[in-house]
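Q: no sequence for this one, just the structure:
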């Protein structure tokens, strides 16, 4: 029968976690899992640095954990990277749970420390019982295949840093048995026994009545399906129906509904990276397919638009410069991101009303100064030759202006009335007629 250390080494090799004698940054909390992880990795010949984060959540206990890890590293002759990260106030102000804040802070510090030391691998002590707990928690929340697949043995923390879990096939019991057999010392976290936390409750009251290793095995099998069947299927469909940062609606209508949702989730993840995405959000975005072009849903700091033929995914302020409203008077100039505007007034009728560089207007119908601003939802214009008004958003859709470019479109207004959608349409009301006696020209000079 193979030893505990040999099993861990074999698992690391089988799952591509790390090469022998490679430097590894090991996250050590002081608990039995991380202490055993450090002992095994050192025993397997890896060059280990240690990182410990003190969140100061348990007062003296937290400081004693840091002291314990410091002594452990000193005894083993290992470099320790100790971070003080008080997070209680941050959690209170953010509205997120302390556990979520701690996790984000922890992984951010792992990445920074690893990159500073030019180490590409960070190891943590998650094991089979943790995997089983994660599976049950995800099921309790309502989850799909990804939630059932649980934690991966290797995942990317950053483009240059991977997170590995060498103990993921070992149970808590086997880890504790190894620690006792090798006379290792560790710290007990009192919050692990606090049933107000769901994970602690599952750990103390549920897992003892279940087969944690079998549950972890179920996650492993689903993960294989994800890696070898589902993800390649999603990638294949995604490549076929995506154009730029958009998904073709006609193609989405021809795939199974469950795949539509997953492709939308993939689009949000790829093109609006900071957005939190779940089934409910994906379903809202899916609903845009049945609405008229121009409709949109805010997603994180960005948005998803219903274009004529696409769902367009836009990051926040995608290449967009927001310009404050500006006044345009006779002989003045307004500078825009794409060019400049100049207004001139004349008593002479122009010989040609079709100006290639601007528009001619009836000056007596204008209330100066004019206002230049971004168009807004709800803006309407009666385009030249039309009898009724139309929303500017619908006009831009009819003109097939790409959704990602529409937010750069500006308008010129006379008080509340839109005179000109710059570069696109002139208002019928302000046109020159036979009775016009004073003429205004707005010249648009592109950069």
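A: Alright, I've got the coordinates. Keep in mind that this is a model prediction, so the values were computed, not measured. Numbers count the residues shown, from 1 in each chain.

Q: Every contact and neighbour count from this point should use C-alpha atoms.
A: Fine.

Q: Quick one: name whatever helix or strand follows the lowest-mean-pLDDT helix or strand in the chain.
A: Across the helices and strands of the chain, the lowest-confidence element by mean pLDDT, DSSP states H and E is helix 88-94, at a mean of 65. Downstream of helix 88-94, the next assigned helix or strand under DSSP states H and E is helix 98-116.

Q: Please state the mean pLDDT value computed over that next one.
A: For helix 98-116, the mean pLDDT works out to 91.

Q: do the same with stretch 335-349
A: For stretch 335-349, the mean confidence score works out to 87.

Q: Run through the helices of the stretch 201-350 of the chain in chain order.
A: Using DSSP state H, counting those that start in this stretch, the helices found in the stretch 201-350 of the chain span residues 212-225, 231-241, 249-252, 257-271, 279-287.

Q: Can you tell me the closest non-neighbouring residue to residue 174?
A: residue 4 (8.0 Å; C-alpha to C-alpha, 6 or more residues apart in numbering).

Q: hang on, isn't that neighbour packed against residue 176?
A: No: if you go by C-alpha atoms under 8 Å, residue 4 and residue 176 don't touch, sitting 11.1 Å apart.

Q: And stretch 290-308, what's buried?
A: Across stretch 290-308, burial judged by 16 or more other C-alpha atoms under 10 Å covers 293, 294, 296, 297, 299, 302, 303, 304, 305, 306, 307, 308.

Q: middle-most residue in this structure, spatially?
A: residue 274 (2.2 Å; C-alpha atoms, centre = their mean).

Q: re earlier: what about the helices of the stretch 201-350 of the chain, which gets the closest to residue 76?
A: Taking C-alpha to C-alpha, helix 212-225 is the member of the helices of the stretch 201-350 of the chain nearest to residue 76, at 31.8 Å.

Q: What is the closest one packed up against?
A: helix 128-141, helix 145-149 (3 or more C-alpha pairs under 8 Å, 6 or more residues apart in numbering; DSSP states H and E).

Q: By mean pLDDT, show me the worst of these.
A: helix 145-149 (a mean of 89).

Q: okay if I get the buried residues of stretch 290-308 as JSON lines plus distance to residue 269 and pLDDT?
A: Formatted as JSON lines, the buried residues of stretch 290-308 follow (distance: C-alpha to C-alpha, whole Å; pLDDT from 0 to 100):
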{"residue": "293", "distance to residue 269": "23", "pLDDT": "77"}
{"residue": "294", "distance to residue 269": "22", "pLDDT": "74"}
{"residue": "296", "distance to residue 269": "17", "pLDDT": "83"}
{"residue": "297", "distance to residue 269": "15", "pLDDT": "87"}
{"residue": "299", "distance to residue 269": "11", "pLDDT": "86"}
{"residue": "302", "distance to residue 269": "12", "pLDDT": "82"}
{"residue": "303", "distance to residue 269": "12", "pLDDT": "86"}
{"residue": "304", "distance to residue 269": "12", "pLDDT": "90"}
{"residue": "305", "distance to residue 269": "16", "pLDDT": "84"}
{"residue": "306", "distance to residue 269": "18", "pLDDT": "87"}
{"residue": "307", "distance to residue 269": "20", "pLDDT": "78"}
{"residue": "308", "distance to residue 269": "23", "pLDDT": "75"}
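
Q: Which strands or helices does the helix or strand hosting residue 162 pack on?
A: Residue 162 is part of strand 161-164, with elements assigned from DSSP H and E. Judged by 3+ C-alpha pairs under 8 Å, 6+ apart, strand 161-164 is in contact with helix 98-116, strand 121-123, strand 154-158.

Q: Recalculate using a threshold of 6 Å.
A: strand 121-123, strand 154-158 (3 or more C-alpha pairs under 6 Å, 6 or more residues apart in numbering; DSSP states H and E).

Q: If you average the pLDDT over the shortest one, what comes out?
A: Right, the one you point to is strand 121-123. Rounded mean pLDDT across strand 121-123 is 97.

Q: And it, what's buried?
A: Those would be 121, 122, 123, for strand 121-123 by 16+ other C-alpha under 10 Å.

Q: Using JSON lines, please lay out these together with distance to residue 157.
A: Below are these laid out as JSON lines (distance: C-alpha to C-alpha, whole Å):
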{"residue": "121", "distance to residue 157": "9"}
{"residue": "122", "distance to residue 157": "9"}
{"residue": "123", "distance to residue 157": "11"}
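
Q: which parts of stretch 136-152 are buried?
A: 136, 137, 138, 147, 148, 149, 150, 151, 152.

Q: go on, stretch 281-291?
A: Quick answer for stretch 281-291 (16+ other C-alpha under 10 Å): 281, 282, 285, 286, 288, 289.

Q: tell me the contacts of the second one?
A: Contacts were defined as C-alpha atoms under 6 Å, 6 or more residues apart in numbering; by that measure residue 282 touches 261, 265.

Q: on that earlier part again, could you dump the helices and strands packed on helix 212-225 into CSV and include distance to residue 44?
A: Conversion of the helices and strands packed on helix 212-225 to CSV gives the following (distance: least, C-alpha to C-alpha, whole Å):
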stretch, distance to residue 44
helix 128-141, 21
helix 145-149, 28
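
Q: ok now do residue 391, which residues does it touch?
A: 379, 380.

Q: Need phi/psi at it.
A: phi -60, psi 140 (degrees, to the nearest 10).

Q: Could you do residue 387 as well?
A: phi -90, psi -40.

Q: same question, the one 10 residues further on
A: Backbone geometry at residue 397, expressed as degrees, to the nearest 10, gives phi -70, psi -50.

Q: Can you get me a residue count around it?
A: 18 (other C-alpha atoms under 10 Å).

Q: quick one: it and residue 307, what's the gap?
A: As defined by C-alpha to C-alpha, to the nearest Å, residue 397 lies at a distance of 7 Å from residue 307.

Q: And for residue 116?
A: 45 Å.

Q: Also residue 34?
A: 51 Å.

Q: do residue 55 as well
A: 47 Å.

Q: for residue 186, same thing?
A: 59 Å.

Q: Good, wrapping up.
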